[in-house]
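Chemist: what follows is a protein structure lacking sequence information:
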């Protein structure tokens, strides 16, 4: 079991009753990040195998009340319900780590999907991150990155030219390179058209988020050793 010194309080009010457990902060965070679908190991993750009315005072909740409120006396299931529907406070270090991780997710998401409309080129992640810092963008550590992208873009637009846009890339692969790079072409976006030519070569148009262009070109060049032709075309 986790030590009492390390444990945090997770609490839930249900049907007029107040329930608290003493839980390992890392286990609580893992459970939260799993969307409430994770498991709680009573032996490892709880400081005490007990539900409290007030953990600080040591006031226990009786089994009758637990079974009436939760429909079970199983401690692992009760702990999961408290973590799912209740609240707990992360440690300062946890919140900092979680926020930084989510911030990087938002940056990568924007870098892969957005572009500079003045140059039709993607913004490097470093530029996006600097603009977010300048705009003092707040990233919610618990909200999915996809749900935060629109608000972040709104904050960035006064600082850098940026918009979400797909591009269409025409690719021509010589017959000697088709087997090496055809899968890459299909995997990076939506194949809008394709044609097999008489000399055994292949050409096609792939639609993809603007920010993925550089990664796509790098991968094509790596697989074909530069023996490939690409160009942007209108959709």
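Modeler: Received the coordinates, thanks. Everything numeric here is computed off the predicted structure, so don't read it as measured data.
Chemist: and this protein, what are its domains?
Modeler: 8-88, 92-163, 165-233 (automatic domain parsing).
Chemist: adding mean pLDDT, mean neighbour count and distance to residue 2, write those out as TSV.
Modeler: In this view, the C-beta of every residue, glycine as well, is placed from N, C-alpha and C. Listed next are the domains of the chain as TSV, based on pLDDT from 0 to 100; neighbours: other CB atoms under 10 Å; distance: least, CB to CB, whole Å:
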stretch	mean pLDDT	mean neighbour count	distance to residue 2
domain 8-88	91	16	4
domain 92-163	91	16	14
domain 165-233	93	16	42
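Chemist: which residue comes closest to residue 82 once chain neighbours are left out?
Modeler: Counting by CB to CB, 6 or more residues apart in numbering, residue 82 lies nearest to residue 12, which is 4.5 Å off, once chain neighbours are set aside.
Chemist: can you list phi and psi of the one you found for me?
Modeler: Phi and psi for residue 12, reported as degrees, to the nearest 10, are phi -150, psi 130.
Chemist: ok, it touching residue 85?
Modeler: Yes - counting by CB atoms under 8 Å, residue 12 touches residue 85, with 5.6 Å between them.
Chemist: for the longest helix along the chain, which outside residues touch it?
Modeler: Longest helix in the chain, counting residues (DSSP state H): helix 92-113. Helix 92-113 is touched from outside by 25-26, 29, 33, 90, 122-125, 128-129, 132, 139-143, 145-146, 148-149, 152-153, 156, 162, 164, 209-212, 215, with contacts defined as CB atoms under 8 Å, 6 or more residues apart in numbering.
Chemist: which residues are in contact with residue 159?
Modeler: 131, 134-135.
Chemist: spatially nearest residue to it (excluding sequence neighbours)?
Modeler: Nearest one to residue 159, counting by CB to CB, 6+ apart, is residue 131 at 4.7 Å.
Chemist: isn't the one you found up against residue 156?
Modeler: Yes - counting by CB under 8 Å, residue 131 does reach residue 156; the two are 5.0 Å apart.
Chemist: now the helices: where do they sit in the protein?
Modeler: Remark: helices assigned in the chain by DSSP H are 25-33, 42-45, 63-70, 75-85, 92-113, 125-134, 145-156, 178-187, 213-224.
Chemist: so how far is the longest one off the chain centroid?
Modeler: By that I understand helix 92-113. Chain-centre distance of helix 92-113: 8 Å, with CA atoms, centre = their mean, to the nearest Å.
Chemist: can you check the second one too?
Modeler: Between the mean C-alpha location of helix 42-45 and the chain-wide mean there is a distance of 27 Å, by CA atoms, centre = their mean.
Chemist: packing partners of that helix?
Modeler: helix 25-33, helix 75-85 (3 or more CB pairs under 8 Å, 6 or more residues apart in numbering; DSSP states H and E).
Chemist: who's in contact with the closest residue in space to residue 170 that isn't next to it in sequence?
Modeler: Nearest non-adjacent residue to residue 170, counting by CB to CB, 6+ apart: residue 233, 4.8 Å away. Contacts here follow CB under 8 Å, 6+ apart; on that basis residue 233 touches 168-170, 205.
Chemist: next one: residue 233 from residue 192, what distance?
Modeler: 10 Å (CB to CB, to the nearest Å).
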